[in-house]
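Novice: all I have is the shape, not the residue letters:
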């Protein structure tokens, strides 16, 4: 991959990938590391063939989310404060959607990921299954459970 092509890909997808991964990680530093590592892997992958730009984007999402999981598994991450323990609000917060975003932040990461990919990125269930490397049935189950949990959380507030 030449430099020009790499910069085109970074310009086109960096913001989208960052938002998706941030909704999953809920931590700026972890998100930045995961996205950076995914783009480094893209740069180093000489034999990687993508059928189209959408295939490339799905690959970047999958690799970035896997990088987040790797950070969470590390001993270092287990000894850090969580994002919820801090008194700061995320920079992406939109006041018109603050209540919904608060509810989304209370969901477990696997539910957040499918909700974000389905509703915000508008991926079909089949593509979400490919990105997260789970079955389509599992995506549908997670979507249903996430909606149910969100409904309960909204009623509590």
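Specialist: Happy to help now that I have it. Bear in mind that the values here come from a model prediction, so they are computed numbers and not experimental data.

Novice: quick check: residue 128 vs residue 19, distance?
Specialist: Separation of residue 128 from residue 19 (CB to CB, to the nearest Å): 16 Å. C-beta coordinates here come from the backbone N, C-alpha and C atoms, glycine included.

Novice: in terms of neighbours, single out the busier of those two.
Specialist: Using other CB atoms under 10 Å, the more surrounded residue of residue 128 and residue 19 is residue 128, with 24 against 16.

Novice: show me what counts as buried in stretch 120-139.
Specialist: Within stretch 120-139, the residues scored as buried using 16 or more other CB atoms under 10 Å are 121, 123, 125, 127, 128, 129, 130, 131, 132, 134, 138, 139.

Novice: just the helices in this structure please.
Specialist: Here the chain has its helices, by DSSP state H, at 3-25, 28-44, 53-73, 75-78, 98-105, 109-115, 125-132, 136-156.

Novice: low-confidence stretches in the protein?
Specialist: Applying pLDDT under 70 to the chain picks out residues 72-97.

Novice: neighbouring contacts of stretch 102-109?
Specialist: 23-26, 84, 112, 115-116, 146, 149-150, 153-154, 157 (CB atoms under 8 Å, 6 or more residues apart in numbering).

Novice: nearest to residue 36 among these?
Specialist: residue 25 (12.7 Å; CB to CB).

Novice: check contacts around that closest one.
Specialist: Residue 25 touches 31, 34, 68, 71, 109, counting by CB under 8 Å, 6+ apart.

Novice: need the residues you listed in TSV (columns: distance to residue 53).
Specialist: Listed next are these as TSV, based on distance: CB to CB, whole Å:
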residue	distance to residue 53
31	22
34	21
68	23
71	27
109	26
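
Novice: tell me the one of those nearest residue 2?
Specialist: residue 34 (24.7 Å).

Novice: tell me how far the closest residue to the closest one other than its chain neighbours lies from residue 16.
Specialist: The spatially closest residue to residue 34, leaving aside those adjacent along the chain, is residue 67, at 3.6 Å (CB to CB, 6 or more residues apart in numbering). Between residue 67 and residue 16 the distance, using CB to CB, works out to 16 Å.

Novice: between these two, who's got more neighbours?
Specialist: When residue 67 is set against residue 16 and neighbours are counted by other CB under 10 Å, the residue ahead is residue 67, at 22 against 14.

Novice: hang on, that one packs against residue 32?
Specialist: No. Counting by CB atoms under 8 Å, residue 67 stays clear of residue 32, with 10.5 Å between them.
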